[in-house]
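Undergrad: Give me the fold of what follows.
(chains A and B)
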There are 2 protein chains.
Amino acid sequence: MRPEDFILVSVDDHVVEPPTMFDNHLPDKWKEFAPKSVRDEERGIDVWTYEGNVIPNIGLNAVAGRPPEEYNIEPTSYDDIRDGCYDIHERVKDMNRNGVLGSMCFPSFVQFCGQLFSKADDLDMALNMVRAYNDWHIDEWCGTYPGRFIPLSIPPIWDPQLMADEVRRVAKKGCRAVTFSESPAKLGWPHVFGDHWDPFFAACEDEGTVIALHIGSSSTMLALEPGAPIDVMITLTPLNTMHAATDLLWSSVLRRFPNLQFALSEGGTGWLPYWLERIDYVYQQHRFWTGQDFGDQLPSQVAKDHFSFCFISDAAGVAQRDAIGVDSMTWECDYPHSDSTWPNSPESVAKQLEGLSDEVVNKFTHENAIRIYQFDPFAFRPKEQCTVGALRAEVND
Amino acid sequence: MRPEDFILVSVDDHVVEPPTMFDNHLPDKWKEFAPKSVRDEERGIDVWTYEGNVIPNIGLNAVAGRPPEEYNIEPTSYDDIRDGCYDIHERVKDMNRNGVLGSMCFPSFVQFCGQLFSKADDLDMALNMVRAYNDWHIDEWCGTYPGRFIPLSIPPIWDPQLMADEVRRVAKKGCRAVTFSESPAKLGWPHVFGDHWDPFFAACEDEGTVIALHIGSSSTMLALEPGAPIDVMITLTPLNTMHAATDLLWSSVLRRFPNLQFALSEGGTGWLPYWLERIDYVYQQHRFWTGQDFGDQLPSQVAKDHFSFCFISDAAGVAQRDAIGVDSMTWECDYPHSDSTWPNSPESVAKQLEGLSDEVVNKFTHENAIRIYQFDPFAFRPKEQCTVGALRAEVND
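TA: Have a look, this model is predicted:
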């Protein structure tokens, strides 16, 4: 299959929230308390302020289109980053430039689980902020271009019952994905081993809502030894995903919620053949004294039934796709982060998927994402206008 | 190739030290201070005592020959474990039963880096203990059956110059492997990022001594969240190896000691395709701001040049052998630990290596180990008597 014939749906991109995002989605009562985008003239950067917290945007989070020679981790301003980071019209143009039909966008300044809002004293206000965030994301960010975005909500993470309510509320608007933490205990909440999150998990299972665990969603980077180069951390951070999957697997969550779906966002795929083999080995060798019981299933099958996986460029995962399962692997663009292949994603994907059957290519590039997230772009645009070639042809510059 | 035609050299087994080990290897002055094996009648177990430390043997460390239904982590006694754990003659019989020609045995009660001895107030005495340990291991344990064991020394880890001296001393006796920690900082010593260990690394490079980093050699298990099943820890412990390799790679050690060799003992191989791809990606994408420089090489090549890898049963690694490098992969038996395939290792290996060329099978089963550890079993036994079939035929029971 030629790159221009791909249909690309990315299950992991990021939005740098625009300064105006709360303008139209809050009850009057709460408007003055909303997060505000403020210019720090001295540092030449823009920051968000909320309840005494000051949150800058980090350079590496918005480097799309820059050469690696210019990457750095300094805070930045709206002026310094591509308009497509925060402007929906420019975002869609950037998607078209890259031939990308569909995109699911993770939050930035509110953190992956929206936990910024949990830091308020007034949690009733915080709940209004979460709802406003989700309404902006679903109705304004995604809603401006129907059929181009997979909506993704944030949870009021301080209360599992409120989380469940919000999952059900946004599901009515067609949002069937929600962020959660790869390790809630690291954020100060209970881990997945008890029943604390059951109302949330039950609502997600009922609504067919996918729980997306993005790398970094535990706000915990790998602890570096004194003197360790930062490259150690960059190399190993994806392993938090392996840890999260391992926690969930050996917890009772997957067995108690047999239809619950988790996405391991930006977690890569190359480590999966090893991990799937390892969990079966641990089960077969140690379950007699550890007490694990999966009935007539193997842990690897349970994992495949409950998790979906993402790759940006991951030759090892693609090569071992049959061990991982071709129905669980999805592609991601990661725009505008530093791992993104934008604006050459079709060519990057083509190189990785060379020699694969059209059937498998279609699963990886869009069919799995469409099925897993109940996303229906073809209701809004004829399929033949959804290809890389067709989208790129719409760009005028 | 049929299983009975394999020649098997295991680069990772374990010795449960016998009570008599210090009898013949200490100057008289120190004999009374040597570690002693003592019976704890109340608990029905044997323990070692040394300078106020009491060290039991752990059940899982000596389960060879037992069904998984009987595994547990309770302390145990010499009476409860196979004689082959600690008796050299029985050990060789157990190797013959399993068709294993050669074996490298890691220490047990003194810990992987011999760090038990560093806990003494009198470090001159401790150095004598380390030397006695190594002399016992090389001359008595390995020396009783020439050509059957790859000797492996422990280091006086509290002093890099003494470590260098000991590496050179035992090299004269033919010992060209030494244990070290996957994360010395976790044991309270400096990490590999400075120059603290340079005398040790220099001696190893000079002597062609392989530094073996066994899983668990940081005495750090993965931190479990409250309520986490122990299966999480068992699943993820091998990742300490990935962390250790990552630390060494991005440190300057491999670049400053271009001929230094590390063995990632019991670290598995299935994660390597992912990791090798990841380190190249991190380098190409981030080196401009992190400042890494490998000249005209890629990190993956540097890793392949400096590390050797082990598998017990690791289909994912074998399947991806070309991405890992067929000259870097070695087989291990892990006798008498709970991960061991004893006494059915030949059949386990045959199943894993099915369909591979004889050339690659020979590399994995013995040729790589023989080359990396400068081990020469064929000087002591004609090659045709080294096969699984020939060794099993020597067993009378």
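Undergrad: Just the buried residues of the helix or strand where A:Val38 lies, please?
TA: Using DSSP states H and E, the element containing A:Val38 is strand A:36-40. By 16 or more other CB atoms under 10 Å in any protein chain shown, the buried positions in strand A:36-40 come out as A:Ser37. (Glycine included, C-beta is placed from N, CA and C.)
Undergrad: Need the per-residue pLDDT for A:Ser252.
TA: Listed pLDDT for A:Ser252 reads 96.
Undergrad: let me fix that: A:Cys175
TA: Value listed for A:Cys175 in the pLDDT field: 98.
Undergrad: which residues of the stretch 201-350 of chain A fall in helices?
TA: Using DSSP state H, counting those that start in this stretch, the helices of the stretch 201-350 of chain A run over A:230-236, A:239-250, A:253-256, A:272-290, A:299-306, A:315-319, A:321-324, A:345-352.
Undergrad: Mean neighbour count and distance to A:Leu127 added to these, as CSV?
TA: Output for these, formatted as CSV (neighbours: other CB atoms under 10 Å in any protein chain shown; distance: least, CB to CB, whole Å):
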stretch, mean neighbour count, distance to A:Leu127
helix A:230-236, 21, 34
helix A:239-250, 24, 26
helix A:253-256, 18, 25
helix A:272-290, 22, 37
helix A:299-306, 20, 29
helix A:315-319, 22, 39
helix A:321-324, 18, 39
helix A:345-352, 20, 37
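Undergrad: now those helices as JSON lines including distance to chain B?
TA: Output for the helices of the stretch 201-350 of chain A, formatted as JSON lines (distance: least, CB to the nearest CB, whole Å):
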{"stretch": "helix A:230-236", "distance to chain B": "4"}
{"stretch": "helix A:239-250", "distance to chain B": "4"}
{"stretch": "helix A:253-256", "distance to chain B": "12"}
{"stretch": "helix A:272-290", "distance to chain B": "3"}
{"stretch": "helix A:299-306", "distance to chain B": "9"}
{"stretch": "helix A:315-319", "distance to chain B": "4"}
{"stretch": "helix A:321-324", "distance to chain B": "6"}
{"stretch": "helix A:345-352", "distance to chain B": "11"}
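Undergrad: out of those, which comes closest to B:Lys172?
TA: Smallest distance to B:Lys172 across the helices of the stretch 201-350 of chain A (CB to CB): 36.5 Å, for helix A:230-236.
Undergrad: Residues in contact with that closest one: which ones?
TA: Residues from elsewhere that reach helix A:230-236 (CB atoms under 8 Å, 6 or more residues apart in numbering or on different chains): A:221-222, A:224, B:242-243, B:246-247, B:249-250, B:275, B:278-279, B:282-283, B:286-287, B:290, B:292.
Undergrad: What is the distance between that helix and the centre of its chain?
TA: 21 Å (CA atoms, centre = their mean, to the nearest Å).
Undergrad: Assumed A:Pro18 was part of a helix.
TA: No - per DSSP: H, G, I helix; E, B strand; the rest coil, A:Pro18 lies outside any helix segment and is coil.
Undergrad: list the contacts for the closest residue in space to A:Pro273 that isn't next to it in sequence?
TA: Spatial nearest neighbour of A:Pro273, chain neighbours left out: B:Ala316 (3.6 Å); criterion: CB to CB, 6 or more residues apart in numbering or on different chains. By CB under 8 Å, 6+ apart, B:Ala316 lies in contact with A:273-274, A:276-277, A:320, A:323, B:269-270.
Undergrad: next one: A:Ala319
TA: For A:Ala319, the contact set (CB under 8 Å, 6+ apart) comprises B:273, B:320, B:323.
Undergrad: closest to chain A among those residues?
TA: B:Pro273 (3.6 Å; CB to the nearest CB).
Undergrad: Quick check, the closest one in contact with B:Ile324.
TA: Yes - using CB atoms under 8 Å, B:Pro273 is in contact with B:Ile324, at 6.3 Å.
Undergrad: Next, format the contacts of B:Ala316 as a markdown table and append distance to A:Gly188 and pLDDT.
TA: Below are the contacts of B:Ala316 laid out as a markdown table (distance: CB to CB, whole Å; pLDDT from 0 to 100):
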| residue | distance to A:Gly188 | pLDDT |
| --- | --- | --- |
| A:Pro273 | 34 | 95 |
| A:Tyr274 | 31 | 94 |
| A:Leu276 | 31 | 97 |
| A:Glu277 | 34 | 95 |
| A:Gln320 | 37 | 93 |
| A:Ala323 | 37 | 95 |
| B:Thr269 | 38 | 95 |
| B:Gly270 | 34 | 94 |
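Undergrad: With distance to B:Ile45 added, can I get the residues you listed in TSV?
TA: Converted to TSV, the contacts of B:Ala316 look like this (distance: CB to CB, whole Å):
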residue	distance to B:Ile45
A:Pro273	40
A:Tyr274	36
A:Leu276	37
A:Glu277	34
A:Gln320	44
A:Ala323	42
B:Thr269	35
B:Gly270	36
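Undergrad: what bits of the stretch 51-200 of chain A have low per-residue confidence?
TA: A:59-62, A:71-73 (pLDDT under 70).
Undergrad: Who are the contact partners of whatever residue of the stretch 51-200 of chain A ends up closest to chain B?
TA: With CB to the nearest CB, the shortest gap between the stretch 51-200 of chain A and chain B falls at A:Phe193, namely 3.5 Å. A:Phe193 sits next to A:247, A:251-252, B:225-229 when contact means CB under 8 Å, 6+ apart.
Undergrad: Can I get stretch A:100-115 in PDB? Just the C-alpha atoms.
TA: Output of stretch A:100-115 as PDB, limited to C-alpha atoms (Å, rounded to 0.1, in the frame of the first residue of the first chain):
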ATOM      1  CA  VAL A 100      -3.900  12.500   9.400                       C
ATOM      2  CA  LEU A 101      -7.700  12.000   9.400                       C
ATOM      3  CA  GLY A 102      -8.400  11.500  13.100                       C
ATOM      4  CA  SER A 103      -6.800  12.500  16.400                       C
ATOM      5  CA  MET A 104      -7.300  12.000  20.100                       C
ATOM      6  CA  CYS A 105      -5.900  14.900  22.100                       C
ATOM      7  CA  PHE A 106      -4.600  14.600  25.600                       C
ATOM      8  CA  PRO A 107      -4.700  17.600  28.000                       C
ATOM      9  CA  SER A 108      -1.600  19.700  28.900                       C
ATOM     10  CA  PHE A 109      -1.700  22.200  31.700                       C
ATOM     11  CA  VAL A 110      -4.400  20.500  33.700                       C
ATOM     12  CA  GLN A 111      -2.200  17.400  33.800                       C
ATOM     13  CA  PHE A 112      -3.200  14.000  32.300                       C
ATOM     14  CA  CYS A 113      -5.900  13.200  34.900                       C
ATOM     15  CA  GLY A 114      -7.100  16.700  35.300                       C
ATOM     16  CA  GLN A 115      -5.500  16.600  38.800                       C
END
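Undergrad: How about the residues of the stretch 101-250 of chain A by chain B?
TA: By CB under 8 Å from any CB of the partner chain, the part of the stretch 101-250 of chain A that sits against chain B consists of A:183, A:185, A:191, A:193-194, A:222, A:225-232, A:234-236, A:238-239, A:242-243, A:246-247, A:249-250.
Undergrad: Neighbours of A:Ser10, how many?
TA: As a burial measure, A:Ser10 scores 28 neighbours (other CB atoms under 10 Å in any protein chain shown).
Undergrad: what does the one 3 residues further on give?
TA: For A:Asp13, the neighbour count with other CB under 10 Å is 26.
Undergrad: hang on, it packs against A:Glu332?
TA: Yes - contact criterion CB under 8 Å: A:Asp13 and A:Glu332 qualify, at 7.3 Å.
Undergrad: Report the contact partners of the closest residue to A:Thr209 other than its chain neighbours.
TA: By the measure of CB to CB, 6+ apart, the closest residue to A:Thr209 outside its immediate chain neighbours is A:Arg176, 4.8 Å from it. Contact analysis of A:Arg176 by CB under 8 Å, 6+ apart lists A:151, A:207-210, A:373-374.
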